[in-house]
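Engineer: mind looking at a prediction? Sequence and model below.
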Amino acid sequence: MENQITRKELCDTFDYSLTTISRDLRVIRENNEFKKYIKKTGSWIVKMDLEVYRFFYFKEQQYKNAL
């Protein structure tokens with residue numbers, strides 16, 4: 001994994017709360033397409049490949065399709 005970011009950096013990028021990002025990370029870990037981009041390096045340290053940004057696009061598309 002190259003270009004890894006932390007949950008905090010992800011929060012700052014998308015202007016989401018840490019709770020929202022943590023909830024989304026649980027969903028990402030359950031999704032076979034996206035879970036390969038998550039790496040837990042410690043009990044509270046989670047690093048993500050920059051490809052995890054695609055999840056937020058995927059989530060937005062699902063929301064729009066549900067309307």
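Structural biologist: Noted; the coordinates are in hand.

Engineer: residues touching the residue nearest to residue 3 when sequence neighbours are not counted, list them.
Structural biologist: Nearest-residue entry for residue 3: residue 50, 4.5 Å, with adjacent residues in sequence omitted and distances by Cβ to Cβ, 6 or more residues apart in numbering. No exception for glycine: its C-beta is placed from N, CA and C like everyone else's. Counting by Cβ atoms under 8 Å, 6 or more residues apart in numbering, residue 50 touches 3, 4, 5.

Engineer: look up the pLDDT of the first one for me, please.
Structural biologist: What the model reports as pLDDT for residue 3 is 77.

Engineer: for stretch 47-60, C-alpha coordinates in CSV please.
Structural biologist: Written as CSV, here are the backbone C-alpha positions of stretch 47-60 (Å, rounded to 0.1, in the frame of the first residue of the first chain):
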residue,chain,number,x,y,z
LYS,A,47,-4.1,3.5,7.6
MET,A,48,-6.0,3.6,4.3
ASP,A,49,-4.8,3.5,0.7
LEU,A,50,-5.9,6.6,-1.3
GLU,A,51,-8.1,4.3,-3.3
VAL,A,52,-10.5,4.2,-0.4
TYR,A,53,-11.8,7.6,-1.7
ARG,A,54,-13.7,5.6,-4.3
PHE,A,55,-15.9,4.2,-1.5
PHE,A,56,-17.3,7.7,-0.8
TYR,A,57,-18.2,8.1,-4.5
PHE,A,58,-19.7,4.6,-4.4
LYS,A,59,-21.7,5.5,-1.2
GLU,A,60,-22.9,8.7,-2.8
